[in-house]
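Novice: Next one to model:
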Amino acid sequence: MDQRKQVAFQFVDDHREEMMALWQEVVTMESGPHEKPGIDAVGARFRQVLEAAGATCRAVEFKNAGNMLIGEFGVKSAQPGVIFLGHMDTAIAAGAIAERPFTIKDGKAYGPGVLDMKGGIVAFLYAIKALKAAGYDARPIKVLLAGDEEVLHANSTAPDALIAEAAGHAAAFNCETGFVDNGIVVGRKGVARIMMEVRGVAAHAGNDPENGRNAIIELAHKAIAVQGLTDRDKGIYYNVGVIQGGKTSTAVPDYAKIYIDVRYKDPDDLPGVIAQIEVIAAKTYIEGTSTSVAMLDGLKPMKTTDGVKKLYELVEKVSEENGFGKPYAKYVGGGSDSAYTVLAGVPTVCAMGVKGGRNHSPEEFALVDTLFERAKLLAACVLKLDVI
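Specialist: The predicted structure is shown next:
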């Protein structure tokens, strides 16, 4: 085994308890959707770890979203650098930790964000530490940790910051949720969140129904039409996921709205998606109602570029060489910030974090041994970048 890799792997083995302690500590910190104080507290803890390891850190601050943490090692190196990417917020609302604290049982770790994606962050932090212990200084290393990925950067300009920070780098490893089937993500659909609102006329349901204009019924027709736009051949899926309207069954409702989640493969598909929804909005089923459409937020698709494919091939080779199994290239419907490093022209592989399942649910779990396996795989991949 290459001496530097041997030192790096030994470092991981020697720091297993420390890695577990940090994992437990950060999972025990609330950082759910839009919980800026908690997310920033997690960022402050990761900043301590990075600075103790020798990184220069700074933050991109947002008033109404979790800040982005940036850590840099070896910024004066001549070769293009390597990025480790992730997000510090979880999809689990505050209060879940009291119900489901960090727990280990039968080789699995449980707790909010244990898989998505605090475990992945701990894995790459120790991959960096292991590389430093092995004397690695061939390339700069940059850490990019967003604070609001789970809410699609609704209240920040994080995507712009990610693209700007990533530009010019050689490779990016996003330690998002890893898959138990050893799939490494090389492409992701984009996400668009769209709101449709209908305004009608309120009236007493018993005494004056003929003068009411029912916003819920108008919207019901349109919700079915939106769902019917799904085009499986193009990989465009529509989901009417939330519907709200009305205040009492004794009144004709004058307001209703739906939130629509759209998944799409090609960035060029999004204008057509919006146009189709606007056509549906423009059709009136109940005279006297009016409908509006608003694009709220989203994530761009992660495109499978030639650079992405080449980096995946390196990961596959390193994984097999080191006994971590043969992965396969996976395409998924869930979005991530890998879209933005790819848009910056940086070859990127995603789902490099700890393996597990059921993220975004109370049953979220991670396989404990993969915390150490993925730290080693990441370190070995960075070392391999310099010999291919």
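Novice: what residue lies at the spatial centre of the chain?
Specialist: For the chain, the residue nearest the mean C-alpha position is residue 336 (3.8 Å; Cα atoms, centre = their mean).
Novice: In a helix, that one, correct?
Specialist: No - under the criterion used here (DSSP: H, G, I helix; E, B strand; the rest coil), residue 336 is coil, not part of a helix.
Novice: What lies in contact with stretch 31-50?
Specialist: Here stretch 31-50 makes contact (Cβ atoms under 8 Å, 6 or more residues apart in numbering) with 22, 25-26, 29-30, 57, 59, 62, 64-67, 69, 71, 88-94, 96, 112-113, 118, 121, 125, 143, 145, 147-148, 150-151, 155. For glycine as for every other residue, the C-beta is placed from the backbone atoms N, C-alpha and C.
Novice: Can I get it in CSV? Just the C-alpha atoms.
Specialist: Output of stretch 31-50 as CSV, limited to C-alpha atoms (Å, rounded to 0.1, in the frame of the first residue of the first chain):
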residue,chain,number,x,y,z
SER,A,31,-30.5,22.5,12.8
GLY,A,32,-33.8,21.8,11.1
PRO,A,33,-35.4,23.7,8.2
HIS,A,34,-35.1,27.5,8.6
GLU,A,35,-33.7,27.2,12.1
LYS,A,36,-30.9,29.7,11.6
PRO,A,37,-29.6,29.9,15.2
GLY,A,38,-29.1,26.1,15.3
ILE,A,39,-27.6,25.8,11.9
ASP,A,40,-25.1,28.6,12.6
ALA,A,41,-24.2,26.9,15.9
VAL,A,42,-23.4,23.7,14.0
GLY,A,43,-21.4,25.8,11.6
ALA,A,44,-19.5,27.3,14.5
ARG,A,45,-18.6,23.8,15.8
PHE,A,46,-17.4,22.7,12.4
ARG,A,47,-15.4,25.9,12.1
GLN,A,48,-13.6,25.0,15.3
VAL,A,49,-12.7,21.5,13.9
LEU,A,50,-11.5,23.0,10.6
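Novice: just how off-centre is it within its chain?
Specialist: On the basis of Cα atoms, centre = their mean, to the nearest Å, stretch 31-50 sits 16 Å off its chain's mean C-alpha point.
Novice: tell me which residues in that stretch are buried?
Specialist: 31-36, 38-43, 45-47, 49-50 (16 or more other Cβ atoms under 10 Å).
Novice: Of these, which belong to helices?
Specialist: Of these, the ones assigned to helices by DSSP state H are 36, 38-43, 45-47, 49-50.
Novice: pLDDT for the residues you listed - can I get that in JSON lines?
Specialist: Compiled in JSON lines, those are given as follows (pLDDT from 0 to 100):
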{"residue": "36", "pLDDT": "97"}
{"residue": "38", "pLDDT": "97"}
{"residue": "39", "pLDDT": "97"}
{"residue": "40", "pLDDT": "98"}
{"residue": "41", "pLDDT": "98"}
{"residue": "42", "pLDDT": "98"}
{"residue": "43", "pLDDT": "98"}
{"residue": "45", "pLDDT": "98"}
{"residue": "46", "pLDDT": "98"}
{"residue": "47", "pLDDT": "98"}
{"residue": "49", "pLDDT": "98"}
{"residue": "50", "pLDDT": "98"}
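Novice: And these, which is closest to residue 213?
Specialist: Closest approach between these and residue 213, by Cβ to Cβ: residue 36, at 40.1 Å.
Novice: and the gap between that closest one and residue 208?
Specialist: 46 Å (Cβ to Cβ, to the nearest Å).
Novice: Likewise for residue 101?
Specialist: For residue 101, the distance to residue 208 - Cβ to Cβ - is 55 Å.
Novice: who's in contact with the residue lying closest to the residue nearest to the centre of the chain once chain neighbours are set aside?
Specialist: In space, and not counting its chain neighbours, residue 336 is closest to residue 176: 5.2 Å by Cβ to Cβ, 6 or more residues apart in numbering. Contacts of residue 176 were listed using Cβ under 8 Å, 6+ apart, and they are 86, 116-117, 120, 185, 336, 338, 350-353.
Novice: swap the cut-off to 6 Å and go again
Specialist: 117, 336, 350-351, 353 (Cβ atoms under 6 Å, 6 or more residues apart in numbering).
Novice: By neighbour count, which of these wins?
Specialist: When neighbours are counted by other Cβ atoms under 10 Å, residue 117 leads those with 32 neighbours.
Novice: and that one, what does it touch?
Specialist: Residue 117 touches 86, 176-177, 353, counting by Cβ under 6 Å, 6+ apart.
Novice: Out of the residues you listed, the closest to residue 371 would be?
Specialist: residue 353 (9.0 Å).
Novice: how far away is the closest one from residue 82?
Specialist: Distance from residue 353 to residue 82, by Cβ to Cβ: 16 Å.
Novice: Check which residues of the helix or strand containing residue 381 are buried.
Specialist: Element membership for residue 381 (DSSP states H and E) is helix 369-385. Neighbour counts over helix 369-385 (16+ other Cβ under 10 Å) mark 370-385 as buried.
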